[in-house]
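Enquirer: Predicted model and sequence below, questions to follow.
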Amino acid sequence: MGWTLIAILIFIGLLFLVLEILVFPGQAVAGIIGLVIITVAIWQTYIHIGTSAGHITLASTLGASVILLIVALRSKTWKYSMLSDNIDGKVNLLSDEQIKKGDSGKTVSRLNPAGKALINDDYFEVHTQGDYIDPGTEIIVTKIEFNKIYVKQKTN
């Protein structure tokens, strides 16, 4: 086994370790595979090339692993792999002037049993008592509890 094959094995092992840190954290499969490949490469260096070459390979692999870990854990590296979207959804914040029991509106989405409705020219998340109501159906507010709006289908 020559230096080229050992270097390729160490490179592949380090690649698996980076995958474990950045792509598959917590799975441990890629990390274990990487450690096994690196261990086999260092072991083969000791057997086929010699003890001093094995020590040099071991030290350089440990050094490369530490440098790779430092680079992977820098904050700039994580900016490329983390989500940066903001959640712009909101909870129904209701006032007595905005909506009250008996107001009517129209469903925007299907209520099964929760969905979106247009009441008094504002969009709200509304709930039924277990009924399924299709979009575009006229509804009426039956009660409001803790910013949760309950509606039922309007009967003509």
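Expert: Now that the structure is in, tell me what you want to look at.
Enquirer: Which strand in this protein has the most residues?
Expert: If you go by DSSP state E, the chain has its longest strand at strand 138-145.
Enquirer: What residues sit buried inside it?
Expert: Neighbour counts over strand 138-145 (16 or more other CB atoms under 10 Å) mark 139, 141, 144 as buried. Glycine gets a C-beta too; all of them are placed from N, C-alpha and C.
Enquirer: again, but for stretch 45-56
Expert: So for stretch 45-56, counting by 16+ other CB under 10 Å, buried means 45, 49, 54.
Enquirer: before we move on, back to that, kindly format the C-alpha coordinates of the longest strand of the chain as CSV.
Expert: Output of strand 138-145 as CSV, limited to C-alpha atoms (Å, rounded to 0.1, in the frame of the first residue of the first chain):
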residue,chain,number,x,y,z
GLU,A,138,-70.7,32.1,4.9
ILE,A,139,-69.9,31.7,8.6
ILE,A,140,-70.9,33.3,11.9
VAL,A,141,-68.8,33.8,15.0
THR,A,142,-70.2,31.7,17.9
LYS,A,143,-67.7,32.5,20.6
ILE,A,144,-64.2,33.9,21.3
GLU,A,145,-62.0,32.2,24.0
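Enquirer: If you count contacts, what does that strand end up packed against?
Expert: strand 104-107, strand 114-119, strand 148-153 (3 or more CB pairs under 8 Å, 6 or more residues apart in numbering; DSSP states H and E).
Enquirer: Could you list the residues in contact with it?
Expert: The contact list for strand 138-145, computed with CB atoms under 8 Å, 6 or more residues apart in numbering, reads 94, 99-107, 111, 117, 119, 126, 129, 133, 149-154.
Enquirer: Just the buried ones from those?
Expert: Using 16+ other CB under 10 Å, the buried ones in these are 94, 99, 105, 107, 111, 117, 119, 126, 133, 149, 151.
Enquirer: OK, contacts around the last one?
Expert: Contacts of residue 151 were listed using CB under 8 Å, 6+ apart, and they are 105, 111, 117, 126-128, 133, 139-142.
Enquirer: Identify the residue nearest it in space, chain neighbours excluded?
Expert: Closest residue in space to residue 151, ignoring its immediate chain neighbours: residue 139 at 4.3 Å, by CB to CB, 6 or more residues apart in numbering.
Enquirer: Could you report the pLDDT at that neighbour?
Expert: What the model reports for residue 139 is a pLDDT of 94.
Enquirer: Distance of it relative to residue 153?
Expert: 6 Å (CB to CB, to the nearest Å).
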